[in-house]
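> what would the 3D arrangement of this be:
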Amino acid sequence: MRKIVLTIALVASVLGLQAQNRKHVANFSLFQQYFNPALTGYEGSMLKTYYRNQWTGFEGAPQTIFASAELDLADLGAWKKDDLLKSREEDSYNRQLGAKHAFGLAVLNDRFGPFAENQVHLSYGSRVQLSQKLSLRWGSAITFSAQQLDGSKLTIDQEGDPEFEGLAGQKGNVNRIDLNMGLMLTAENYYLGYSMQDITKGKIMTSGDDYLQNNVPQHHIVQAGFRTPVTEQLGVVVNSIYRYDSKLEETVEGQVKGVYQNMLWLGAGYRKDQAFSVNAGLRLSQLKIGYVYETPTADARYINKATNEIMLTYNLIPVKYPKYSKKVTMW
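Now for the predicted structure:
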C-alpha cells in the first residue's frame, strides 16, 4: 500500500492544519440546516443522513458521515390527528404554515489523511409569517467540534520544514464550542438567506494543543433556491450556495434538477474550480434516496479521482405529496 504524500500546499490549502477543512456536500440543498440553522425543520420533522467518499481510491482521502434529526412542533399535533399533513392531490405540502418553533440535532464525522473531526450541532429555528406566502426565519446553533491529528500518518515532502517541525509521529487534538446564526426568507417556491458559522472564532471555549488552535475564522454563507413547474408532471429546481472565510476564501456551488411527478429527480451541479457532478434520486412515500457522482476539475484535477455520495431522508410524519399538479415540492 502506497504512502500518502501530503505536500505543503495540500496541507495548507486543503487539509487546513490551522483548523481549516471545509466540508463539502454535493446534495447541499437537502441538508440546508447544517449551513443555516434558520432552516431547522423547514421541511418538517425529519431524519437525514449522507455518506460522502471523496476522491475514491486515493489513500487517506476525505470521508464524511452525517446524520441529523429535526422536529417541527407543528408535527406534534399530527401524531394526534392523522390527516393534518395529508393534502388532496391538487394541493401542495406547504411548510409556510408550520409551527413557529423547530429543534434539531446534527452529528458529523470527517476523516482526511492524518486528520479526524467530530462535530455536534444543537439548533433552534423560528418563523415569523410576513404574509400569506412569505415567512422570515431565524435560527441559532451551539456547536461542538473535536479535531485530532495523527502525526504517524503525516509524510512531509520537505524534511526539516519549520512549519511542521515536531508534528511527525506526534498526536494532537483541539476541542471547541462556538455559535452559528442565520436568517432566511422563505416562500413556497423560493428561499434566500445568510448565515455565519464560528461567530466567536472559538472564544467561547477552546482547549487542546497550541499548534491546532491558530486563528479560527468566521464562515459566511449565502444560500438561495428556486423551483417552478414546467408542465403538470415536470418541474425544475435550482439551488446555490456561496461560502467564504479568510483562510480558504470563497467557494461557489450551483445545482439544477429536473423533477418528475414529485417522485424522481435528475440533475447536475458545479463547484467553482473543484468539481462537476451529476445526481439522481427517488422519493418513496416518506423516504428519499439520492446519489451523486462528482468528477474533479480545474484546481482539483491533479487528484484525478471521482467522488461518490449517498443520501437518505425520512419524514417522521406521513405526507401525501401531489403527483399531478403544477407544483414542485422538492428542493
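
> now do stretch 49-59, average pLDDT.
Averaging pLDDT along stretch 49-59 yields 87.

> what about Ser123, how many residues nearby?
Per other C-beta atoms under 10 Å, the neighbour tally for Ser123 reads 26. C-beta coordinates here come from the backbone N, C-alpha and C atoms, glycine included.

> next: Phe226.
Neighbouring residues of Phe226 were enumerated by other C-beta under 10 Å; the total is 16.

> where does the stretch 201-331 of the chain dip in pLDDT?
211-215, 299-300, 319-325 (pLDDT under 70).

> all the strands of it, in order from the start?
With DSSP state E, counting those that start in this stretch, the ranges of strands along the stretch 201-331 of the chain come out as 205-208, 219-229, 234-245, 249-260, 264-271, 275-284, 287-296, 307-315.

> next, the angle strand 249-260 makes with the second one.
When you say that, I think you mean strand 219-229. 20 degrees (axes from the mean of the first three to the mean of the last three C-alpha atoms, to 10 degrees).

> before we move on, the earlier item: export the strands of the stretch 201-331 of the chain to CSV and append columns for distance to Thr143.
What follows is the strands of the stretch 201-331 of the chain, written out as CSV (distance: least, C-beta to C-beta, whole Å):
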stretch, distance to Thr143
strand 205-208, 11
strand 219-229, 11
strand 234-245, 15
strand 249-260, 20
strand 264-271, 23
strand 275-284, 26
strand 287-296, 25
strand 307-315, 21
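
> who does Tyr194 form a beta bridge with?
With DSSP bridges as the criterion, Tyr194 is bridged to Leu183, Val222.

> for Asn27, see how far away it is.
As for Tyr194, its distance to Asn27 is 21 Å (criterion: C-beta to C-beta, to the nearest Å).

> neighbour-wise, which of those two wins?
Neighbour comparison, Tyr194 and Asn27: the larger count goes to Asn27, with 25 against 17 (by other C-beta under 10 Å).

> and the pLDDT for the more buried one?
At Asn27, the pLDDT value in this model is 91.

> swap in the one 3 residues further on?
Per-residue pLDDT puts Leu30 at 91.

> for it, give me phi and psi.
The phi/psi pair for Leu30 (degrees, to the nearest 10) reads phi -100, psi 0.

> give the contact list for it.
Neighbouring residues of Leu30 by C-beta atoms under 8 Å, 6 or more residues apart in numbering: Lys48, Tyr50, Lys288, Gly290, Met311, Thr313, Trp331.

> which strand residues bridge the fourth one?
With DSSP bridges applied, the residues forming beta bridges to Gly290 are Gly281, Met311.

> to Thr56, which of the strands of the stretch 201-331 of the chain lies closest?
strand 307-315 (5.7 Å; C-beta to C-beta).

> now the closest one: buried residues?
Thr307, Glu309, Met311, Leu312, Thr313, Asn315 (16 or more other C-beta atoms under 10 Å).

> ok, now stretch 287-301?
Lys288, Gly290, Val292, Tyr293, Glu294, Pro296, Ala300.

> for these, which one is nearest Gln33?
Gln33 lies nearest to Lys288 out of those, by C-beta to C-beta, at 15.2 Å.

> need the buried residues of strand 307-315 in TSV with distance to Val237, can you?
What follows is those, written out as TSV (distance: C-beta to C-beta, whole Å):
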residue	distance to Val237
Thr307	22
Glu309	18
Met311	15
Leu312	19
Thr313	15
Asn315	18
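
> between which two of those is the distance greatest?
Thr307 and Asn315 (27.3 Å).

> and Asn173, what does it touch?
Contacts for Asn173 (C-beta under 8 Å, 6+ apart) come out as Ala146, Gln147, Gln148, Leu149, Gly208, Asp209, Leu212.

> a markdown table please, covering these and showing distance to Gly267.
As requested, the contacts of Asn173 are exported to a markdown table (distance: C-beta to C-beta, whole Å):
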| residue | distance to Gly267 |
| --- | --- |
| Ala146 | 34 |
| Gln147 | 33 |
| Gln148 | 36 |
| Leu149 | 37 |
| Gly208 | 41 |
| Asp209 | 42 |
| Leu212 | 38 |
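
> just the buried ones among those residues, please.
Buried among the contacts of Asn173 (16+ other C-beta under 10 Å): Gln147, Gln148, Leu149, Gly208, Leu212.
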